[in-house]
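>>> Everything below, folded, please.
(4 chains)
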2 protein chains.
Amino acid sequence: MTTRKDVAKLAGVSVATVSHVLSKKKYVSPELVEKVENVIRELNYQPNIIARSLSTKKTHHVGIIVNNIANTYYSEIALGMSKVASDHGYTVSIYFVGDDPQKYATSAIQRQLDGLFIATNGEFFTTEQMKKMLSANMVFVNSVMPGVGSTVSFDYGNGVEKMMNHLVELNHQRIGFLCGIPKSTPNFLRYKSFIRLLQKHQLPVLEECIIESEAPYRTDQNDGYIAMKKLLKTNSRITAVFCLNDPMALGAMKAIREEGLRIPQDISVVGCDDQFFASCIEPALTTLSVPKEEMGRQAMIQLLKQMDTGEKDDIILGVDFIVRDSTGPAPN
Amino acid sequence: MTTRKDVAKLAGVSVATVSHVLSKKKYVSPELVEKVENVIRELNYQPNIIARSLSTKKTHHVGIIVNNIANTYYSEIALGMSKVASDHGYTVSIYFVGDDPQKYATSAIQRQLDGLFIATNGEFFTTEQMKKMLSANMVFVNSVMPGVGSTVSFDYGNGVEKMMNHLVELNHQRIGFLCGIPKSTPNFLRYKSFIRLLQKHQLPVLEECIIESEAPYRTDQNDGYIAMKKLLKTNSRITAVFCLNDPMALGAMKAIREEGLRIPQDISVVGCDDQFFASCIEPALTTLSVPKEEMGRQAMIQLLKQMDTGEKDDIILGVDFIVRDSTGPAPN
DNA sequence: GTGAAAGCGCTAACAA
DNA sequence: TTGTTAGCGCTTTCAC
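Modelled structure (predicted):
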């Protein structure tokens, strides 16, 4: 490994001078600059970021904690983050929420991460743990965690409202919700909005038609399938079902078909997220569309700002409602 | 930040002793061990990995270069890697193949990554670049890159063989292939096997029915849709189509439906990867199933081995063929 | 303008 | 058995 010392020796200058031309923070005579730059090129010298980090106490390394990177919802968010991060010289590491939250917290501290994104759908860390995690440093949150750091979130409330208007227009009255995670999850906007809007439209809140999945709450197609089977077994004669996300909707559609019911003639299905397959399946899925990559981008931008100025913000990103073919008029 | 020095002072021992109890490599009297451990707990001391790395020249940090993490194919591989990595105290950072391969190479060097996985479907780096990348260190490859590092790959050849047997049994003779990436891609096993097996079964190689996508080769549902439209326009009267992956198959199915054709009565469709949606869509997709998470796991295991012993291996993972409802007898 | 040197937190060889 | 100390490669202050 070639170090700054090697460069200095070959260029006949001091190590400090090499640093100065590298950082461009101090004036160095053009002759030396050139000489040093030549040697750097010649030796193909690459500064050691680890050493720099130790000295500056800035690692330019951030982490993102996600539920399940194999879910495109999270991976697209991660993609957005990575793009912005990369443009700013940051490296991003991925931590999967697995067994032990403490483990990630520990690693994040020991690695001296400059920042951390929390992109999970539950409350995996307590505020206390969070604060400790980066010793009062910047922490990013996607699901809301007041006071700890900036937040970037989707305006699900608004999205759910548009969806409910749509369903009501189509005369749906008995509407189920495959909510995936526990109703009691803090800041569970989709759930809260769902209830609020049922009430607003004076529709019944059918408790037995709001189906939570079992831990570990994968909220994937399989959870959706199971939940929908359960919902159909209740015999509640719902005419429409809202699903936490598109994979769950996909599973739900399968369950519906297996019962010999048609979509949307017998049951309308609404998903959430507008994942890549939503427009391709048959029938194409009506869904809420959230700007996932943009969220990742915004999150990283907020992190950068927070690291720079200490300012914390709460960003809310708009949600679109996309009507496709999986919703139709309620049957009589 | 509390350092080892703080611990030493409070415990009334030397910094070395603290290290010794931490590393457990040297005997320390039980009394001191306890004293030190108490102080560590009291101060909530966390060793600084950055500093350790600088000293040991091991970062316990690996990188993975992927095409598109938003593709579950890659994200599941990443998941497998991460799990094993995490179990061994490694952190994994993700690099997205974007504009500039050089950029990742540089970052990997400067960050002193211990290892690097290359999980892309093209030849983004030359062997030369690779070698330089980690100064003859361990590099992992998913698509084959002889001599540079260990490889882990899927036995696509075998999978394609099973698939072709299936199609031939169903009397398909004119078979298309949405191959996504250029046919000329090195080690393009699926393509090579496809050709080989057509010949083996004495079926025609319909050049105009092997559709490459356009750069940047996203090989997603949209590429599949476009490619299938193109294929149908050739009027080649194919009765079956093999797709590079499941998302492309999904797009292809949409294109087929739009032309008023039925699956599988008019055209049989085969995907590849067995992604999560394959079994849920209608008709359920016949596809090659590859153990993605297992591949990630194996890759990390190989990396660990390579870092430990220097041994390089070539692992080949089996591929299953899963018959579902998107394939049926060829029409007359 | 340039360079010497202290220090970032930790490891590990060597002393005591 | 425990402690001293010289690095690891880089930054940065402060002399010269």
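>>> any idea where the helices of the stretch 151-300 of chain A begin and end?
Using DSSP state H, counting those that start in this stretch, the helices of the stretch 151-300 of chain A run over A:156-169, A:189-200, A:221-233, A:246-258, A:292-309.
>>> which one of those has the most crowded surroundings?
Burial of the helices of the stretch 151-300 of chain A is given as mean neighbour count (mean count of other Cβ atoms under 10 Å in any protein chain shown); helix A:246-258 ranks first at a mean of 25. Bear in mind the C-beta positions are built from the backbone N, C-alpha and C, glycine included.
>>> tell me what that one is packed against?
Applying 3 or more Cβ pairs under 8 Å, 6 or more residues apart in numbering or on different chains; DSSP states H and E, we find helix A:246-258 packed against strand A:175-180, helix A:221-233, strand A:240-243, strand A:268-273.
>>> The ones you listed: which one's closest to A:Val205?
strand A:175-180 (9.5 Å; Cβ to Cβ).
>>> Whether the closest one contacts chain B - can you check?
No. Strand A:175-180 is not in contact with chain B by Cβ under 8 Å from any Cβ of the partner chain; minimum separation 14.1 Å.
>>> so where do the strands sit in chain A?
A:61-66, A:91-96, A:115-119, A:139-141, A:151-154, A:175-180, A:210-212, A:240-243, A:268-273, A:286-289, A:314-317, A:320-322 (DSSP state E).
>>> Listing partners with orientation, what would you give for the last one?
Counting by DSSP bridges, the strands paired with strand A:320-322 are strand A:286-289 (antiparallel).
>>> okay, the partner strand in CSV with CA atoms only?
Below are the C-alpha coordinates for strand A:286-289, written out as CSV (Å, rounded to 0.1, in the frame of the first residue of the first chain):
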residue,chain,number,x,y,z
THR,A,286,-55.5,-0.1,-8.3
THR,A,287,-53.0,1.2,-5.7
LEU,A,288,-51.6,4.2,-3.9
SER,A,289,-48.4,5.3,-5.5
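>>> Report the mean confidence score over that strand.
Averaging pLDDT along strand A:286-289 gives 98.
>>> Check stretch A:213-231 too.
94.
>>> related to what we said a few turns ago, so which of the helices of the stretch 151-300 of chain A is nearest B:Asp155?
Comparing these by Cβ to Cβ, helix A:221-233 comes nearest, at 26.6 Å.
>>> what angle sits between that closest one and strand A:268-273?
Taking axes from the mean of the first three to the mean of the last three Cα atoms, to 10 degrees, helix A:221-233 and strand A:268-273 form an angle of 150 degrees between their directions.
>>> helices or strands up against helix A:221-233?
strand A:175-180, strand A:210-212, strand A:240-243, helix A:246-258.
>>> low-scoring stretches of chain A, by residue?
The model of chain A has pLDDT under 70 over residues A:69, A:97-99, A:121-148.
>>> Next to DNA strand D in this structure, residues from it, please.
Selection of chain A residues close to DNA strand D by Cβ under 7 Å from any atom of the strand yields A:1, A:3-5, A:15-16, A:19-20, A:22-23, A:25-26, A:47-48, A:51-52, A:54-56.
>>> Same list, the helices and strands packed on helix A:221-233, but as JSON lines with distance to DNA strand C please.
Converted to JSON lines, those look like this (distance: least, Cβ to the nearest atom of the strand, whole Å):
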{"stretch": "strand A:175-180", "distance to DNA strand C": "41"}
{"stretch": "strand A:210-212", "distance to DNA strand C": "44"}
{"stretch": "strand A:240-243", "distance to DNA strand C": "47"}
{"stretch": "helix A:246-258", "distance to DNA strand C": "43"}
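>>> Need those in CSV (columns: distance to A:Met164).
Shown next, in CSV, are these (distance: least, Cβ to Cβ, whole Å):
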stretch, distance to A:Met164
strand A:175-180, 8
strand A:210-212, 14
strand A:240-243, 9
helix A:246-258, 16
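>>> Could I have the buried ones of the residues of chain A next to DNA strand D as ChimeraX selection syntax?
In ChimeraX syntax, the buried subset of those is picked out as below (16 or more other Cβ atoms under 10 Å in any protein chain shown):
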select /A:3,4,19,20,22,47,48,51,52,54
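>>> Return the subset of the residues of chain A next to DNA strand D lying in helices.
Per DSSP state H, helices hold the following members of those: A:4-5, A:15-16, A:19-20, A:22-23, A:51-52, A:54-56.
>>> can you list those residues in CSV and add distance to A:Arg196?
Formatted as CSV, those follow (distance: Cβ to Cβ, whole Å):
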residue, distance to A:Arg196
A:Arg4, 61
A:Lys5, 65
A:Val15, 64
A:Ala16, 64
A:Ser19, 59
A:His20, 61
A:Leu22, 57
A:Ser23, 55
A:Ala51, 55
A:Arg52, 51
A:Leu54, 52
A:Ser55, 53
A:Thr56, 49
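>>> Of these, which pair is most distant in space?
Farthest pair in these, by Cβ to Cβ: A:His20 and A:Leu54, 19.5 Å.
>>> Report the separation between A:Ala105 and A:Asp314.
23 Å (Cβ to Cβ, to the nearest Å).
>>> higher neighbour count, the two?
Between A:Ala105 and A:Asp314, counted using other Cβ atoms under 10 Å in any protein chain shown, the more crowded position is A:Ala105 (21 against 13).
>>> Distance to DNA strand C for the ones in helices among the residues of chain A next to DNA strand D - can I get that in JSON lines?
Output for those, formatted as JSON lines (distance: Cβ to the nearest atom of the strand, whole Å):
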{"residue": "A:Arg4", "distance to DNA strand C": "10"}
{"residue": "A:Lys5", "distance to DNA strand C": "10"}
{"residue": "A:Val15", "distance to DNA strand C": "6"}
{"residue": "A:Ala16", "distance to DNA strand C": "3"}
{"residue": "A:Ser19", "distance to DNA strand C": "7"}
{"residue": "A:His20", "distance to DNA strand C": "6"}
{"residue": "A:Leu22", "distance to DNA strand C": "13"}
{"residue": "A:Ser23", "distance to DNA strand C": "11"}
{"residue": "A:Ala51", "distance to DNA strand C": "7"}
{"residue": "A:Arg52", "distance to DNA strand C": "8"}
{"residue": "A:Leu54", "distance to DNA strand C": "4"}
{"residue": "A:Ser55", "distance to DNA strand C": "4"}
{"residue": "A:Thr56", "distance to DNA strand C": "8"}
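>>> which one of the residues you listed is nearest B:Arg262?
Closest to B:Arg262 out of those is A:Arg52 (62.0 Å), distances taken as Cβ to Cβ.
>>> give the contact list for A:Tyr156.
By Cβ atoms under 8 Å, 6 or more residues apart in numbering or on different chains, the contact set of A:Tyr156 is A:Leu189, A:Arg190, A:Ser193, A:Cys272, A:Leu288, A:Val290, A:Val319.
>>> right, and out of these, which lies closest to DNA strand D?
When these are compared for distance to DNA strand D (Cβ to the nearest atom of the strand), A:Val290 wins out at 39.5 Å.
>>> Report the contact partners of A:Leu231.
A:Gly176, A:Leu178, A:Cys209, A:Ile211, A:Ile238, A:Val241.
>>> at 6 Å instead, please
When contacts are counted by Cβ atoms under 6 Å, 6 or more residues apart in numbering or on different chains, A:Leu231 touches A:Gly176, A:Ile211.
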